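J.: here is a sequence with its predicted model. Questions after.
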Amino acid sequence: MSVGQQFIGLPISFELVTERNTEISETQRIEVKNDGSVTFDTLEKQVDAAQAMNVIHTVTAYFREIHPSGVGLVENVWHIAITNDEGNVFHFRGHFGQTLLVGQHNLSDLIREALNLQVWAFDGKTRDVEIKHLELKYYEPIETADWEHDYKEQLILRRSPESIVYETLTTAGAVVTQNIVFKKKQQITRALSVLEQANLVQIAHQQGAPVIQALNKQESTYYHMHITFADDSEAEIVGAFDDKGLPELFADFTYEVQKSLTAHTLGDIFKGGNTHEYIYCSVEFTDGGNTYYYLTDDDSIDVGDHVVVPVGGAGTPKIVEVVDVEYFDEKHVPMPLYKVKKIIQKVKTID
C-alpha cells in the first residue's frame, strides 16, 4: 500500500471517497469496477464494462505520475484507492482546489458524465440532474373518538410520460384519486424544475437518520418525500410540514402543481348552464416571468398552448404561452373586462 506515490500495474477498480465540509461534514463514496458495476453510496447500478474500464484507465493515468501526497488535509478532501490486477492497492489524497486533467479530460467531469451520477469527485461540484419521479406523502394525526386513522395525502409526479396522481384519504374514510396524463410536455416539467432549484440532495445528506428518527410522527403534521433523479440516484426527505421543515421553493412548486390540477379537473359537464362565464387566460412572455390576463371565447385553449396576443398600444401581435385558464362570472372577474385585451388566435404548432 502506498500513499502519494505512482500507480503501477493494470487497474481493475477504484474507490473514491469525498468529504465536503460546509456547515456540516458530508461524505460521498463511489466504487467503479472493470465489470461495469458501480456503487454510489447506497445506489448500485451497472454500466457498460468498456465504459467503466475507460473511466478507470483514464483516472489511473493521472496517478501514474508522482503528485503531492495530500497527507494532513482534513477539509474538502478526496481519497482514492486504486486496485491493480495483482491485488495491490494504491492510495492518493487531494483537495477540491485542484483540477485533475489527463490530456483534455477533466477527471471529475469524466466520472460524472460517463457514469451519469451526481458525484463530487475531485472538485466537490455536481452537475444539474433532472428529477424524473417524485413521490410526496402528507400525514396529519387526527384525534377523535370515531376516527382512528391519520388524514393522508399522496402526490406522485412523473416527468416521462408527464403525469400526476393525487390521492387523499379523508376523515370520512373516502379515498379520492385523480390521475392525469398530459399529452403536452411542460406541465410537470415546469413544477419539477422549480423544485430542482432547492438542492434536495444536500437537504437529504444533512438530514440523515437522526432527523428522521427524531420526528414525532404521532404528534406532528409531517411529510415524506422520495425523489428519483434522471441518473437513478435517489434522495429521501422527511420533515415537519411547516416553514422550517419544508424545502425551499416548496410553495412555488405546489402552486405550479395546483395550476395543472385545477386546469384539468373540471370538464364540460360542469360548464353546462354557465353561459355568462368569461375565460381568463394567464400568459407568460418569458419563461418564469410575470403573468398577464387575456380574454378568450375559445374554450379549447389549454395550459401549455401557445396563442397570439396583442401587445402595447399598437396591439403588436406576439406569440406567448398559456400558463393558466380560469372561468369567472361577471361579478367575480379578477380584472375588469374593459381592461383586458382578447387573444387573437390559438397557435396550432410551434416549430
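T.: Arrived safely. Residues are numbered from 1 along each chain as shown.
J.: ok, and for the longest strand seen in the chain, which residues are buried?
T.: In the chain, taking DSSP state E as the definition, the longest strand is strand 316-328. Under the neighbour-count criterion of 16 or more other C-beta atoms under 10 Å, strand 316-328 has 320-326, 328 buried. C-beta coordinates here come from the backbone N, C-alpha and C atoms, glycine included.
J.: can you put these in a markdown table and add distance to Ile180?
T.: Below are the buried residues of strand 316-328 laid out as a markdown table (distance: C-beta to C-beta, whole Å):
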| residue | distance to Ile180 |
| --- | --- |
| Val320 | 24 |
| Glu321 | 19 |
| Val322 | 17 |
| Val323 | 16 |
| Asp324 | 15 |
| Val325 | 15 |
| Glu326 | 18 |
| Phe328 | 23 |
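J.: now do the SS call for Val59.
T.: What DSSP: H, G, I helix; E, B strand; the rest coil gives for Val59 is helix.
J.: give me the nearest residue to it, chain neighbours excluded.
T.: Excluding the flanking residues, the one nearest Val59 by C-beta to C-beta, 6 or more residues apart in numbering is Leu107, at 5.5 Å.
J.: what's the one you found in contact with, if anything?
T.: Contacts were defined as C-beta atoms under 8 Å, 6 or more residues apart in numbering; by that measure Leu107 touches 58-59, 62, 100-101, 121-122.
J.: change it to 7 Å
T.: Leu107 is in contact with 58-59, 62, 100, 121-122, counting by C-beta atoms under 7 Å, 6 or more residues apart in numbering.
J.: and it, how far is that from Ala52?
T.: When C-beta to C-beta, to the nearest Å is the yardstick, Leu107 and Ala52 sit 15 Å from each other.
J.: same thing with Asn116?
T.: Counting by C-beta to C-beta, the gap from Asn116 to Ala52 is 12 Å.
J.: doesn't Ile56 belong to a helix?
T.: Yes - under the criterion used here (three-state DSSP), Ile56 sits inside a helix.
J.: what about it, how many neighbours?
T.: Ile56 has 20 neighbours, counted by other C-beta atoms under 10 Å.
J.: what residues are up against the closest residue to it other than its chain neighbours?
T.: Nearest-residue entry for Ile56: Pro11, 5.1 Å, with adjacent residues in sequence omitted and distances by C-beta to C-beta, 6+ apart. The contact partners of Pro11, taken as C-beta under 7 Å, 6+ apart, are 56-57, 60, 82, 84.
J.: equivalent analysis for Thr177, please.
T.: For Thr177, the contacting residues are Glu167, taking C-beta under 7 Å, 6+ apart as the criterion.
J.: buried ones among the contacts of Pro11?
T.: Buried positions within these, assessed by neighbour count (16+ other C-beta under 10 Å), are 56, 60, 82, 84.
J.: okay but the first one is in contact with Phe14, surely?
T.: In this case it means Ile56. Yes - applying C-beta atoms under 7 Å, one finds Ile56 in contact with Phe14, separated by 6.0 Å.
J.: shared neighbours, these two?
T.: The overlap between the contact sets of Ile56 and Phe14 (C-beta under 7 Å, 6+ apart) consists of Val32.
J.: put the alpha carbons of the helix or strand encompassing Ile82 into CSV.
T.: Per DSSP states H and E: Ile82 is located in strand 77-84. In CSV, the C-alpha atoms belonging to strand 77-84 read as follows (Å, rounded to 0.1, in the frame of the first residue of the first chain):
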residue,chain,number,x,y,z
VAL,A,77,-10.7,16.4,0.6
TRP,A,78,-10.8,13.3,-1.6
HIS,A,79,-9.2,9.9,-1.1
ILE,A,80,-8.9,7.4,-3.9
ALA,A,81,-7.8,3.8,-3.6
ILE,A,82,-6.9,2.1,-6.9
THR,A,83,-6.5,-1.7,-7.1
ASN,A,84,-4.4,-3.4,-9.7
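J.: if anything else comes up later, I'll come back, but that's it for now.
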